[in-house]
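J.: no letters, just coordinates:
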Ligand SMILES: Nc1ncnc2c1ncn2[C@@H]1O[C@H](COP(=O)(O)OP(=O)(O)OP(=O)(O)O)[C@@H](O)[C@H]1O
Ligand SMILES: [Mg+2]
């Protein structure tokens, strides 16, 4: 039996350290991993047997430890791309490698966080976080890791609470801790703060930066929020359809300047924000192009 332990790195980083000479039986990583998309395409079965292309020719190399934000309009294929990266779906064409090796179904090197916390209501916060541990993790080691992560996301006083006894933001923090429990080399987040109020959302963004500094991992973050992408990411890709083409490809790729935490009001970011919003079809006044304007007040039920 292999065991691994949590240890403090240079900045108090959490790492799983294997103490088996043969290497770990269960796969954990003690480092962030690269992700390489090469010519990824995804076609779903469409009407009358014709395929419907959702993604086409996505090629991208994500560096180890990078935070990559994926932006795009609803339905453009962001979640599909994330699912492919985690081995929850398969590409129709192309290859995807993590740390130079092909992604496997439900790849244990990755962990996924969703828009809603998806906690089991009958389990305590600590037991929910423990669900994220890799199977076979020794009990005492697992308990120590869970306690560490619960502290990291600021839920130390709530470990024994049930999900109904904590707020939505706290539940989302527990869900982030659960995703980190397996020490993923790649953390896949699908609009993780999308259901939270604006203030909690800002706090969660700061927390994600703290977590990223403490537990080294590569982050692929799907978001609708341009400001969130500019605040958190090293690089942003915008998925979109080119004229006359079916399926989204990379329409824009932006390396975000400066170190985090960034000044939300900087002129440099304002320029990038404008560029990204234009790419999403929103003009400077926040109006969606090509969308019919409604002047009448909607009546209930909407
Ligand atoms: N399993 C599936 N079978 C058929 N079509 C699918 C499947 N999964 C996704 N799609 C289609 O692929 C397209 C992209 O879906 P996806 O969920 O990736 O979009 P998204 O960019 O994440 O959208 P949103 O921002 O609304 O979450 C949609 O048209 C969706 O209907
Ligand atoms: Mg989605």
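T.: In hand now; what should we look at? Since the structure is predicted, the reported quantities are computational estimates derived from the model, not experimental observations. Ligands and ions are numbered 1, 2, ... in the order given.
J.: pLDDT of stretch 213-222, averaged?
T.: Stretch 213-222 shows a mean pLDDT of 91.
J.: cool, stretch 247-254 as well?
T.: Averaging pLDDT along stretch 247-254 gives 95.
J.: and stretch 117-124, by the same measure?
T.: 96.
J.: mind checking how far it is from the chain centre?
T.: The chain centroid and the centroid of stretch 117-124 are separated by 20 Å, computed with C-alpha atoms, centre = their mean, to the nearest Å.
J.: show me what counts as buried in that stretch.
T.: For stretch 117-124, the neighbour count (16 or more other C-beta atoms under 10 Å) marks 117, 119, 124 as buried. Quick note: C-beta positions are derived from backbone N, CA and C, even for glycine.
J.: of the residues you listed, closest to ligand 1?
T.: residue 117 (17.0 Å; C-beta to the nearest ligand atom).
J.: OK, contacts around that closest one?
T.: 163, 168, 171, 172, 174, 175 (C-beta atoms under 8 Å, 6 or more residues apart in numbering).
J.: so what's the residue nearest to the first one when sequence neighbours are not counted up against?
T.: Nearest in space to residue 163, with sequence neighbours left out and distances taken as C-beta to C-beta, 6 or more residues apart in numbering, is residue 119 at 4.3 Å. For residue 119, the set of contacting residues under the criterion of C-beta under 8 Å, 6+ apart consists of 125, 128, 163, 171, 174, 175, 178.
J.: need the contact list for the third one.
T.: I take that to be residue 163. 117, 119, 120, 121, 123, 125, 128, 171, 174.
J.: tell me which entries of the contacts of residue 119 lie within strands.
T.: Secondary structure assignment by DSSP state E places none of those in strands.
J.: mind putting those residues into a markdown table with distance to ligand 1?
T.: Shown next, in a markdown table, are the contacts of residue 119 (distance: C-beta to the nearest ligand atom, whole Å):
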| residue | distance to ligand 1 |
| --- | --- |
| 125 | 27 |
| 128 | 24 |
| 163 | 23 |
| 171 | 20 |
| 174 | 22 |
| 175 | 17 |
| 178 | 21 |
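J.: most widely separated two among those residues?
T.: The most widely separated members of those are 163 and 178, with 11.5 Å between them, by C-beta to C-beta.
J.: mutual contacts of these two, please.
T.: Shared contacts of residue 163 and residue 178 (C-beta under 8 Å, 6+ apart): 119, 128.
J.: quick one: the strands in the stretch 51-200 of the chain, in order.
T.: Ranges of strands in the stretch 51-200 of the chain, per DSSP state E, counting those that start in this stretch, are 51-62, 67-72, 93-98, 101-102, 110-113, 186-190.
J.: which residues sit against the fifth one?
T.: Outside strand 110-113, the residues that touch it by C-beta under 8 Å, 6+ apart are 82, 85-88, 98, 103, 132, 175-176, 179-182, 184-190, 192.
J.: same question, the first one
T.: Contacts to strand 51-62, defined as C-beta under 8 Å, 6+ apart, come from residues 34-46, 68, 77, 80-81, 91-92, 94, 218, 220, 237, 239, 245-250, 253.
J.: roughly how far does the nearest residue to residue 266 once chain neighbours are set aside sit from residue 272?
T.: For residue 266, ignoring the flanking residues on the chain, the nearest one in space by C-beta to C-beta, 6+ apart is residue 258 at 7.5 Å. Residue 258 is 11 Å from residue 272, where distance means C-beta to C-beta, to the nearest Å.
J.: those two: who's more crowded?
T.: Between residue 258 and residue 272, residue 272 has the larger neighbour count (other C-beta atoms under 10 Å), namely 19 against 11.
J.: residues of the helix or strand harbouring that one that come out buried?
T.: Assigned by DSSP states H and E, residue 272 belongs to helix 267-279. By neighbour count on 16+ other C-beta under 10 Å, the buried set for helix 267-279 is 269, 272, 273, 276, 279.
J.: in JSON lines: those, plus distance to residue 62.
T.: Shown next, in JSON lines, are those (distance: C-beta to C-beta, whole Å):
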{"residue": "269", "distance to residue 62": "22"}
{"residue": "272", "distance to residue 62": "19"}
{"residue": "273", "distance to residue 62": "22"}
{"residue": "276", "distance to residue 62": "19"}
{"residue": "279", "distance to residue 62": "20"}
